[in-house]
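Undergrad: I need the structure of the sequence given here:
(one chain, ligands or ions: 1)
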Amino acid sequence: MTDVDLEVHHSAEDIAAALRADVREGLTAGRKWLPSKWFYDARGSELFERITELPEYYPTRAERAVLDRQAAEIAKISGAHTLVELGSGSSEKTRLLLDALREHGTLRSFVPLDVSESALAEASNAIAADYPSLAVHGVVGDFTEHLGLLPGDRPRLVAFLGGTIGNFLPADRAKFLRSVRDVLSEGEWLLLGTDLVKERDTLERAYDDAAGVTAEFNRNVLRVINERLGADFDPAAFAHESYWDAEAEWIEMRLRARTDLRVAIPGADLEVSFAAGEHIRTEISAKFRPEGVRAELSAAGFTLERWWTDPDGLFGVSLSRA
Ligand code: AVJ
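TA: Now for the predicted structure:
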């Protein structure tokens, strides 16, 4: 028998109100920006899945290479009864961890948490079907807000994979890591995926693929605003860009207005003007150095127990103890 339930922390009204507040703040700022979590409606989540298969987008493959090799070790060290996955998306790589924990004999429940209800429901159902004795408890929500509500037998292993930690600004990242530490008890675990600093070309291409999938993913945020707030963005009027900021050590995705534009956003009571060439920053994706990851984990109250990279040294995975 399968055992899936979905807990939804975001009603359609909550989502519209949060988007409205973000749009008002970000698009009235001197340098326009939008939070990257708004990419992920059903279409955006699908586009992201396609990104993970692109030749230029190495992080997914590199992280999978680490988990392939180390899942058994992760299961043995953590002895987790519950796997919690933050920003779970399609939960594809999660299966490597679930298999290893099942093999190890400690696994009881799986708690995926994601902002996208469609992606979460699909993933939870697929996992529940393939792991009949596993209790699956999906949580639809924002992992910056709903961490205190994480269910599951202890010890729990919280997996935050894919390098999504890089989407936070550094100060928010520190707060977030601290909040994860605060919901865990001593002896519970964090498995963290961090994309590593590397040469500009490799990074910029990973976020600007030849097939244009990332460009569509980027423009999807404008469609989300059109749908949820009745705006009249013409996505084609914005050019997609990826830019490696070598000083901040992050990739920025931007949408650059091709001409002077005026956009009405009735659901946010807003009219926004763009000068030709002006851009909206739609995402930062920070890249890390091993010593930086160790320092940030330690500052948040974690003890780093293991650090692995893929054979090409592109991506790091750390296992830390609370
Ligand atoms: C899902 C947040 C890990 O930052 O690399 C992929 C999102 N953006 N291509 C990343 C993304 C553009 C991705 N994360």
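Undergrad: Report the central residue of the chain.
TA: Taking CA atoms, centre = their mean, the centroid of the chain lies closest to residue 164, which sits 3.7 Å from it.
Undergrad: Compute the number of surrounding residues for the closest residue to the ligand within the chain.
TA: In the chain, no residue comes nearer to the ligand than residue 285, which is 3.4 Å away by CB to the nearest ligand atom. (C-beta placed from N, C-alpha, C; glycine too.) Neighbour count of residue 285, defined by other CB atoms under 10 Å: 22.
Undergrad: Report the beta-bridge partner residues of it.
TA: residue 251 (DSSP bridges).
Undergrad: From what I see, it and residue 167 are in contact.
TA: Yes: using CB atoms under 8 Å, residue 285 is in contact with residue 167, at 6.2 Å.
Undergrad: Need the phi and psi values for the closest residue to residue 141 other than its chain neighbours.
TA: In space, and not counting its chain neighbours, residue 141 is closest to residue 9: 3.7 Å by CB to CB, 6 or more residues apart in numbering. Note on residue 9: its backbone torsions stand at phi -100, psi 0 [degrees, to the nearest 10].
Undergrad: Contact partners for residue 9?
TA: For residue 9, the contacting residues are 139-142, 145-146, 149, by CB atoms under 8 Å, 6 or more residues apart in numbering.
Undergrad: Verify the contact between residue 192 and residue 318 for me.
TA: Yes: at 5.0 Å, residue 192 counts as touching residue 318 under the criterion of CB under 8 Å.
Undergrad: Tell me which of these two has more neighbours.
TA: Using other CB under 10 Å, the more surrounded residue of residue 192 and residue 318 is residue 192, with 25 against 21.
Undergrad: in what helix or strand does the more buried one lie?
TA: Using DSSP states H and E, residue 192 sits in strand 189-195.
Undergrad: What helices and strands are in contact with that strand?
TA: helix 59-78, strand 156-160, helix 290-299, strand 315-321 (3 or more CB pairs under 8 Å, 6 or more residues apart in numbering; DSSP states H and E).
Undergrad: so which of these is the most packed in?
TA: strand 156-160 (a mean of 25; mean count of other CB atoms under 10 Å).
Undergrad: now the next helix-or-strand element following that strand against strand 315-321, angle please.
TA: Following strand 156-160 in sequence order, the next helix or strand is helix 170-183 (DSSP H and E). If you take axes from the mean of the first three to the mean of the last three CA atoms, to 10 degrees, helix 170-183 sits at 40 degrees to strand 315-321.
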